[in-house]
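> Okay, here's the prediction I keep looking at, along with the sequence it came from:
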Amino acid sequence: MIENLKEITKDTLLQEVQKFADAKARFVTTVCSDLGDKLEVTYYFNYSPGVDMSAMRMVVDKNEEVPSISGIYLAAVLVENEMFEQYGLKVKGMAIDFGGLMLLAKDSPVLPMVKDKAAGGKGGE
């Protein structure tokens, strides 16, 4: 169980991330999970070493587009590209978009982390 977890929506994502940035919190990472017909995206932040992390979670349909937080935390561009390549999460406005080739080669399986190929697209093999 994650303490300090806040449920958010894609419409409140940037506003909530900006609150962490204004408070000088560090962006730690983002984790994506395949829930079948939806994706769960959890963002992690902390304020100083040794202090508990805070997290925000949103659940979106696999075909929904979510805003990039890389305009606030540039380091997020790495996990945003990874979530696109691995899960098909459509992230709009990434500061650096690797076009699906940051981790995967042109002949790699498509969406290798997607569980249900019918629900989320082509899926891995």
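Perfect, thanks for sending it.

> mind checking pLDDT for residue 116?
Predicted confidence (pLDDT) for residue 116: 60.

> Look up the residues forming beta bridges with the closest residue to residue 5 other than its chain neighbours.
The spatially closest residue to residue 5, leaving aside those adjacent along the chain, is residue 55, at 4.8 Å (CB to CB, 6 or more residues apart in numbering). (Each C-beta comes from the backbone N, C-alpha and C, glycine too.) For residue 55, the beta-bridge partners are residue 5, residue 44 (DSSP bridges).

> Flag the shaky bits of the protein, pLDDT-wise.
1-3, 50, 96-125 (pLDDT under 70).

> now with 80?
By pLDDT under 80, the low-scoring segments of the chain are 1-3, 48-52, 86, 94-125.

> where exactly do the strands run in it?
With strands called from DSSP state E, the chain shows them at 5-7, 26-34, 38-46, 54-61, 65-67, 90-92.

> which residues sit against the fifth one?
Around strand 65-67, the neighbours that count as contacts under CB atoms under 8 Å, 6 or more residues apart in numbering are 10, 13, 14, 41, 58, 60, 89, 90, 91, 92, 93.

> Is there a quick ChimeraX command that grabs whichever of those are buried?
Entered in ChimeraX, the line below selects the buried ones among the contacts of strand 65-67, by 16 or more other CB atoms under 10 Å:
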select :10,13,14,41,58,60,89,91
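
> Turn the contacts of strand 65-67 into TSV, including distance to residue 20.
Output for these, formatted as TSV (distance: CB to CB, whole Å):
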residue	distance to residue 20
10	17
13	11
14	11
41	15
58	15
60	20
89	20
90	23
91	18
92	20
93	18
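
> Could you give the separation of the longest helix along the chain from the chain centroid?
The helix spanning the most residues in the chain, taking DSSP state H as the definition, is helix 76-87. When C-alpha coordinates are averaged (CA atoms, centre = their mean, to the nearest Å), helix 76-87 and its chain have centres 7 Å apart.

> got the angle for it vs strand 38-46?
Here helix 76-87 runs at an angle of 160 degrees relative to strand 38-46 (axes from the mean of the first three to the mean of the last three CA atoms, to 10 degrees).
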